[in-house]
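Novice: pasted the sequence and its predicted model underneath.
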Amino acid sequence: MPTKPKVNKAVEEPEDKNQMPMFEALRRVLLATIGAVAIAQDEIEALVDRLVERGEIAEKDGKKLVREVMEKRTGKGIKVEDEISKHIESVMDHMNIPSKADVEALSQKITDLSKKIDELKNS
């Protein structure tokens, strides 16, 4: 009976979500943030639409205002994303959790050592 080939996944999710509570909490925060951003964008557009309908601003100015707000929000979003990354790295360092770069460096060292061992065996 043929078996299914195993698929290598970059990150395997545990069967029990309690195994990675920090990951789950972080995932929930990010999903909430995405939802809040979407709601904020909708509210900004609705506010500008109301101002245009009332004649308080021209439609052209309204579109420009929405574009400017979204550009500022994007710039701040990048800053916030960088800050979150720094905090996550700090927490991981504090908890002695190796980074992806650390794991890759160790993997490369293991590969190099394995090659050297094979060369010594063959000599």
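Specialist: The structure has been received and is ready for your questions.
Novice: report the buried residues of the longest helix that the chain contains.
Specialist: If you go by DSSP state H, the chain has its longest helix at helix 59-94. Residues 62, 65, 66, 69 are the ones in helix 59-94 that count as buried (16 or more other CB atoms under 10 Å). C-betas here are computed from N, CA, C, even on glycine.
Novice: need those residues in JSON lines (columns: distance to residue 114).
Specialist: Shown next, in JSON lines, are the buried residues of helix 59-94 (distance: CB to CB, whole Å):
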{"residue": "62", "distance to residue 114": "64"}
{"residue": "65", "distance to residue 114": "61"}
{"residue": "66", "distance to residue 114": "57"}
{"residue": "69", "distance to residue 114": "55"}
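Novice: tell me the one among those residues nearest to residue 75.
Specialist: Nearest to residue 75 among those, counting by CB to CB, is residue 69 at 10.9 Å.
Novice: okay, the closest one: pLDDT?
Specialist: In this model, residue 69 is scored at 79, pLDDT.
Novice: skip the chain neighbours and tell me the closest residue to it.
Specialist: Excluding the flanking residues, the one nearest residue 69 by CB to CB, 6 or more residues apart in numbering is residue 44, at 5.5 Å.
Novice: please report how far the one you found lies from residue 80.
Specialist: Counting by CB to CB, to the nearest Å, the separation of residue 44 from residue 80 is 17 Å.
Novice: ok, residue 30 next?
Specialist: Distance of residue 30 to residue 80, given as CB to CB: 11 Å.
Novice: about what we covered before: buried stuff in the helix or strand encompassing the residue nearest to residue 69?
Specialist: In this assignment (DSSP states H and E), residue 44 forms part of helix 21-54. The neighbour-count check on helix 21-54 (16+ other CB under 10 Å) flags 48, 51, 52 as buried.
Novice: next one: that helix to chain centre, how far?
Specialist: Centroid displacement of helix 21-54 relative to its chain, using CA atoms, centre = their mean, to the nearest Å, is 17 Å.
Novice: give the rounded mean pLDDT of that helix.
Specialist: Here the average pLDDT along helix 21-54 is 78.
Novice: for that helix, packing partners?
Specialist: Helix 21-54 sits against helix 59-94, with contacts defined as 3 or more CB pairs under 8 Å, 6 or more residues apart in numbering; DSSP states H and E.
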